[in-house]
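# show me the folded form of this:
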Amino acid sequence: MTSSPDEAQRLRDLARLRRVRDRIDREYAQPLDVEALARGASMSAGHLSREFKRAYGESPYAYLMTRRIERAMMLLRRGDLSVTEVCFAVGCQSLGTFSTRFTELVGVPPSTYRSRAAQPAPEMPSCITKQVTRPIRKREAPTAEAQLA
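Predicted coordinates for the structure are as follows:
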């Protein structure tokens, strides 16, 4: 059974999108923008953004910021860096933008998160910690009404 040319193209696009996502995961602390990611995938920025969102549910920029905030959460829990140092360590260029995005994704400002994370907590494996502390956009979080249904 052979696949249609459209299906073959879709599979090639998905492979390129996976490479873009892997690059974001590897190079999250580097200066990345959608134009550079698109050039690396031989796609236009608009096509990359549309297809990435269709495949992964968020834009490449939102995915990059989520990766940066996840890493920032880990560094803040560690407690040996200031919020400003963490901001620049994860690749953000502006402390204001970092704080705004962090608060949007985590629900509290980075300084509050850092002080709360410094309090003793029960030990749990890092893989579990990563899963339960993964940032969730407020619009993605389940509502009380949806939980009751």
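
# what helix or strand is the residue nearest the centre of the chain on?
In the chain, the C-alpha closest to the average C-alpha coordinate belongs to residue 66, at a distance of 2.0 Å (CA atoms, centre = their mean). Under DSSP states H and E, the secondary-structure element containing residue 66 is helix 60-78.

# got a list of contacts for the helix or strand following that helix?
Tracing the chain past helix 60-78, the next element assigned as helix or strand by DSSP H and E is helix 83-89. Contacts with helix 83-89, where a contact means CB atoms under 8 Å, 6 or more residues apart in numbering, come from 29, 71-72, 75-76, 81, 94-95, 98-99, 110-111, 114. Every residue, glycine included, has its C-beta placed from N, CA and C.

# what comes up buried for helix 83-89?
Neighbour counts using 16 or more other CB atoms under 10 Å place 83, 86-87 of helix 83-89 among the buried residues.

# if we can go back for a sec, right, and the residue nearest to the centre of the chain touches residue 104 too?
No: with contact taken as CB atoms under 8 Å, residue 66 and residue 104 are classed as non-touching, separated by 10.5 Å.

# export the longest helix seen in the chain as CSV, just CAs?
Longest helix in the chain by number of residues (criterion: DSSP state H): helix 5-27. Extracted as CSV, the C-alpha positions of helix 5-27 are listed here (Å, rounded to 0.1, in the frame of the first residue of the first chain):
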residue,chain,number,x,y,z
PRO,A,5,2.1,12.5,-2.2
ASP,A,6,0.2,14.7,0.3
GLU,A,7,0.7,12.1,3.0
ALA,A,8,4.4,11.8,2.2
GLN,A,9,4.8,15.6,2.4
ARG,A,10,2.9,15.7,5.7
LEU,A,11,5.3,13.0,7.1
ARG,A,12,8.4,15.0,5.9
ASP,A,13,6.9,18.2,7.6
LEU,A,14,6.3,16.3,10.8
ALA,A,15,9.9,15.1,10.8
ARG,A,16,11.1,18.7,10.3
LEU,A,17,8.9,19.9,13.1
ARG,A,18,10.3,17.2,15.4
ARG,A,19,13.8,18.5,14.6
VAL,A,20,12.7,22.0,15.4
ARG,A,21,11.3,20.9,18.7
ASP,A,22,14.4,18.9,19.5
ARG,A,23,16.5,22.0,18.7
ILE,A,24,14.4,24.1,21.0
ASP,A,25,14.9,21.5,23.8
ARG,A,26,18.6,21.5,23.3
GLU,A,27,19.3,25.1,22.6
